[in-house]
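Student: Below: sequence and its predicted model.
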Amino acid sequence: MSWIIGVLLVVAGAIIGFFAARYSQSKGLSGDLEEQVQQSQQRLTDYQREVAEHFATANAMVEQLADTQQRLQSYLNQSAELLEKSDVQSDLPFFAEDTIKQLRVANSLNKDHRSGRDSYSANDIPRDYTEGSSGLFSSSYEQDQEKESSKTS
């Protein structure tokens, strides 16, 4: 009978071992599955964050592009207005209107003043030259040179 009890104990141990192994294996398998689920959720969260950052960056770039386009359009409109005004404006577009008026008045006064001057002919000597010869080309210089050469000889 002892051998029957031994066999029954071995069979009972095998059954208990089978269920214990199955239970522990299912816990290990479910642990692996839970870890995979957590990793997948973490990847999904990271992906969603990256997509949100991408859209935020793209939105900022679109706003910057729209601002640049608006500034360019404003610049082009101002340039077109300036070109239209320059066609209509007088010869001096760099001065204000009151400055142009003052320049015209000064110019007309200057013309009146210039017309009263004596006119010079093309053969007249300019006033900044001296009447007589001076410097190296003067006759006194030539005479001094002749005196020095006669002394040395």
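Tutor: Ah, there it is.
Student: how about low-confidence regions in this protein?
Tutor: Low-confidence segments of the chain (pLDDT under 70): 1, 25-29, 86-95, 112-153.
Student: go again using 50 as the cut-off
Tutor: Applying pLDDT under 50 to the chain picks out residues 92.
Student: how about the helices of it, start to end?
Tutor: 2-88, 97-115, 139-152 (DSSP state H).
Student: need the ones you listed in a markdown table with mean neighbour count, can you?
Tutor: Using the backbone N, CA and C atoms, a C-beta is placed for each residue, glycine as well. Supplementary listing: those in a markdown table, determined by neighbours: other Cβ atoms under 10 Å:
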| stretch | mean neighbour count |
| --- | --- |
| helix 2-88 | 10 |
| helix 97-115 | 10 |
| helix 139-152 | 10 |
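Student: CA atoms of stretch 9-17 as CSV?
Tutor: Output of stretch 9-17 as CSV, limited to C-alpha atoms (Å, rounded to 0.1, in the frame of the first residue of the first chain):
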residue,chain,number,x,y,z
LEU,A,9,1.3,11.5,-4.2
VAL,A,10,3.3,11.6,-7.5
VAL,A,11,0.1,12.0,-9.5
ALA,A,12,-1.2,14.6,-7.1
GLY,A,13,2.1,16.5,-7.3
ALA,A,14,2.1,16.3,-11.1
ILE,A,15,-1.4,17.7,-11.2
ILE,A,16,-0.6,20.5,-8.7
GLY,A,17,2.7,21.2,-10.6
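Student: what does that stretch contact?
Tutor: Stretch 9-17 is contacted by no other residue when judged by Cβ atoms under 8 Å, 6 or more residues apart in numbering.
Student: One more pass at 10 Å, please.
Tutor: A20 (Cβ atoms under 10 Å, 6 or more residues apart in numbering).
Student: So that it lines up with my notes, have the first residue be 54 from now on.
Tutor: Got it, first residue is 54 now, which makes that one stretch 62-70.
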